[in-house]
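K.L.:
let me see the structure of the following:
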Amino acid sequence: AISTMSKATKFVVDCMQPIRDEIFEISDFHQYLIEHFKVGKNGKAGQLGDDVTIKMEKYSVIIVSKDAFAKRYLKYLAAKFLKKNDLRDYLRIVANAKNSYQLRYYSVDEETEEQE
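P.N.:
Here you go, the predicted model:
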């Protein structure tokens, strides 16, 4: 018999740098993900059900889903959160592994070159 159980997908968003610098509140980001995450094709924001769990740790947010969803969707939500809180000019979200993202500062070298 072939098992139809789908493997749970787990994604991690590492927010260590901005939290240490006290410009980022992980509880706000966690709450934003819970309120805006859509599950399924016709899912409504904020109705996670049993399929998706979003947990908060000291420096990261962990999303575990029974259904497959695009990793890009998580990046999209994180970028929207940064924009909403006027942090998009300072922080960016970068994939640092197959199943994780990290919030990083824009490089200062790039900014000085653009201004010249």
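K.L.:
which SS class is Gly43?
P.N.:
Following DSSP: H, G, I helix; E, B strand; the rest coil, we place Gly43 in the coil state.
K.L.:
run a quick neighbour tally on it.
P.N.:
Neighbour count of Gly43, defined by other CB atoms under 10 Å: 16. (C-beta placed from N, C-alpha, C; glycine too.)
K.L.:
look up how far Ile93 lies from it.
P.N.:
Distance, Gly43 to Ile93, using CB to CB, to the nearest Å: 22 Å.
K.L.:
any idea whether Asn96 is helix, strand or coil?
P.N.:
strand.
K.L.:
mind checking pLDDT for it?
P.N.:
Asn96 carries a pLDDT score of 93 in this model.
K.L.:
tally up the residues packed near Glu57, please.
P.N.:
Neighbours of Glu57 (other CB under 10 Å): 12.
K.L.:
phi and psi next, for it.
P.N.:
phi -120, psi -170 (degrees, to the nearest 10).
K.L.:
now it: how far from Ile19?
P.N.:
Going from Glu57 to Ile19 by CB to CB gives 11 Å.
K.L.:
enumerate every residue touching Met56.
P.N.:
For Met56, the contacting residues are 26-27, 30, 62, by CB atoms under 8 Å, 6 or more residues apart in numbering.
K.L.:
same thing but at 7 Å, please
P.N.:
26-27, 30 (CB atoms under 7 Å, 6 or more residues apart in numbering).
K.L.:
what's the answer for Asp21, then?
P.N.:
Shown in contact with Asp21 (CB under 7 Å, 6+ apart): no residues.
K.L.:
could you list the low-pLDDT ranges of this protein?
P.N.:
Within the chain, the ranges that satisfy pLDDT under 70 run 1-6, 108-116.
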